[in-house]
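Enquirer: This is the structure alone, sequence omitted:
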């Protein structure tokens, strides 16, 4: 093929392309975005918050081991309804009971010693010390009296000075012995006071020891502190438990608490005494009603979420909700009847404002329409719809998002119109 023929063919192809472009422009057949649209409708909206939560007993009783020992016997089963005072577990306290018997015996002896000390010492020792002193004091007094008598007799020449000297020597010895016995009596009394103090301290120490051992013996008998449901019983016969180990948990489960984990953006809508619906995946056909009680005052991290912990009281008359199970929580906070609504997917947000693209019919061609970006004001919302307070009227069409990005003034063709739950295909 020569160069002249090839250039002629390229020229024909270029002319054909230009002609096709002109024909398309003149015929108005330029490709137009195809969209679906929805007509706002009136319906009842319930604004709700859905989240997850955990069931908790309101007033749980937790029983823990108060000594290191073995579980001797188990008298109850997990999930059982128990009465106040009912025996649940027995722990092995035989060694403690033996220690208690020995401590009680020591306490009795110490109490005897204390009574003796308070009464002035042992009776025989006290009597001996007092008797010896009294005897010597009587002897001294006799010798003193003899001294006076002998002195008078010497004056009358009825007695000799040797007799007086012998009496005075005996008197000196008697006075020295009285002094010694008085010191011994004082030492004995001081010893009695010390013995009283020691005995008092020993009695107090033994009383404390006996009380502590009695508590340990009593702690070997684990009884229900109140009537309720024994919902946790990890201890088994033969298990070795240490001080602080969990033995059992129980509570009155007719009314429980649900700790709901509410995401931070939804905390502002919470109020006290709002109705709450609880569902549990294990019983899909059952639901439980309650109300909100304690509104969160802080936000905490929970895995990858920032949540507030909302406390809800829930009726559990049939005792079906068990402590520590994971449940679904739905809080109905506000309700509007017969309000104009639009799907959440049709509403976009920009700078704190919300807007939609309204479909406006025009005369540019059959089936063509134009989008108008319009700000709207919304009220409450449920899972699928917003309440429209202003900015839209019934009968208007709102574009739904699709494969193309919507923009103000954009030419579109509506291929499907939704009214409520029905979809209408336009003719042509």
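Expert: Perfect, thanks for sending it. Note that the structure is predicted; figures quoted are calculated from it, not measured.
Enquirer: Low-confidence stretches in the stretch 51-200 of the chain?
Expert: Under the criterion of pLDDT under 70, the regions of the stretch 51-200 of the chain flagged as low confidence span 119-127, 129, 187, 189, 192, 195.
Enquirer: Please apply the same query to the stretch 251-400 of the chain.
Expert: For the stretch 251-400 of the chain (pLDDT under 70), the answer is 362-367.
Enquirer: any chance you could map the strands in the stretch 201-350 of the chain?
Expert: Secondary structure of the stretch 201-350 of the chain, counting by DSSP state E, counting those that start in this stretch: strands at 221-223, 228-232, 240-241, 246-251, 255-263, 275-280, 283-294, 300-302, 305-315, 326-343, 348-350.
Enquirer: can you redo the ones you listed as a markdown table with mean neighbour count and distance to residue 403?
Expert: To be clear about C-beta, it is placed using only N, CA and C from the backbone, and glycine gets the same treatment. Output for those, formatted as a markdown table (neighbours: other C-beta atoms under 10 Å; distance: least, C-beta to C-beta, whole Å):
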| stretch | mean neighbour count | distance to residue 403 |
| --- | --- | --- |
| strand 221-223 | 17 | 68 |
| strand 228-232 | 21 | 54 |
| strand 240-241 | 16 | 66 |
| strand 246-251 | 21 | 56 |
| strand 255-263 | 21 | 31 |
| strand 275-280 | 18 | 37 |
| strand 283-294 | 14 | 37 |
| strand 300-302 | 11 | 37 |
| strand 305-315 | 18 | 32 |
| strand 326-343 | 17 | 17 |
| strand 348-350 | 10 | 16 |
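Enquirer: Out of those strands, which gets nearest to residue 64?
Expert: strand 246-251 (5.8 Å; C-beta to C-beta).
Enquirer: ok, longest helix in the protein?
Expert: helix 161-219 (DSSP state H).
Enquirer: burial count for the residue nearest to residue 219 when sequence neighbours are not counted?
Expert: Using C-beta to C-beta, 6 or more residues apart in numbering and skipping residues adjacent in sequence, the residue nearest residue 219 is residue 66, 4.3 Å away. Residues within reach of residue 66, counting by other C-beta atoms under 10 Å, total 18.
Enquirer: for residue 73, same thing?
Expert: 12.
Enquirer: Neighbouring strands - and their directions - for the helix or strand containing it?
Expert: Secondary structure assignment for residue 73, by DSSP states H and E: strand 69-74. According to DSSP bridges, strand 69-74 forms sheet pairs with strand 87-91 (antiparallel), strand 240-241 (antiparallel).
Enquirer: Of these, flag the one that's most buried.
Expert: A comparison of the strands paired with strand 69-74 by mean neighbour count, using mean count of other C-beta atoms under 10 Å, puts strand 87-91 on top with a mean of 20.
Enquirer: That strand relative to helix 161-219, how many degrees between them?
Expert: 120 degrees (axes from the mean of the first three to the mean of the last three C-alpha atoms, to 10 degrees).
Enquirer: does the spatially most central residue of the chain have beta-bridge partners, and which?
Expert: Centroid-nearest residue in the chain, with C-alpha atoms, centre = their mean: residue 56, separated by 8.9 Å. Listed beta-bridge partners, residue 56: residue 257 (assigned using DSSP bridges).
Enquirer: That one against residue 253, yeah?
Expert: No. At 10.4 Å, residue 56 does not count as touching residue 253 under the criterion of C-beta atoms under 8 Å.
Enquirer: quick one: common contacting residues for those two?
Expert: residue 323 (C-beta atoms under 8 Å, 6 or more residues apart in numbering).
Enquirer: Can you give me every residue that contacts the closest residue to residue 287 other than its chain neighbours?
Expert: Take residue 287 and drop its neighbours on the chain: the residue closest to it by C-beta to C-beta, 6+ apart is residue 279, 5.2 Å away. Contact partners of residue 279, counting by C-beta under 8 Å, 6+ apart, are 286, 287, 288, 327, 328, 330.
Enquirer: And residue 63, by the same measure?
Expert: Residue 63 neighbours (C-beta under 8 Å, 6+ apart): 88, 89, 222, 225, 246, 247, 248, 249, 250.
Enquirer: Farthest-apart pair in the residues you listed, please.
Expert: 225 and 246 (14.9 Å).
Enquirer: Next, residue 405: phi, psi?
Expert: phi -80, psi 130 (degrees, to the nearest 10).
Enquirer: ditto for the one 5 residues further on
Expert: In this entry, residue 410 is assigned phi and psi values of phi -70, psi 130 (degrees, to the nearest 10).
Enquirer: For it, which non-adjacent residue is spatially closest?
Expert: Residue 410's closest residue in space is residue 371 (C-beta to C-beta, 6+ apart), at 4.6 Å.
Enquirer: Paired strands for whichever strand or helix holds the one you found, with orientation please.
Expert: Following DSSP H and E, one finds residue 371 within strand 368-381. According to DSSP bridges, strand 368-381 has the following sheet partners: strand 353-361 (antiparallel), strand 385-390 (antiparallel), strand 411-419 (antiparallel).
Enquirer: what about residue 38, which helix or strand?
Expert: Secondary structure (DSSP H and E) places residue 38 in strand 33-39.
Enquirer: Near residue 234, how many other residues are there?
Expert: Neighbour tally, residue 234, other C-beta under 10 Å: 12.
Enquirer: bridging residues for the closest residue to it other than its chain neighbours?
Expert: Once flanking residues are discounted, residue 234 sits nearest to residue 246: 5.8 Å by C-beta to C-beta, 6+ apart. Beta-bridge pairing for residue 246 (DSSP bridges): residue 64.
Enquirer: Domains in the chain, by residue range?
Expert: 24-46+337-424, 49-59+251-335, 63-88+222-249, 94-219 (automatic domain parsing).
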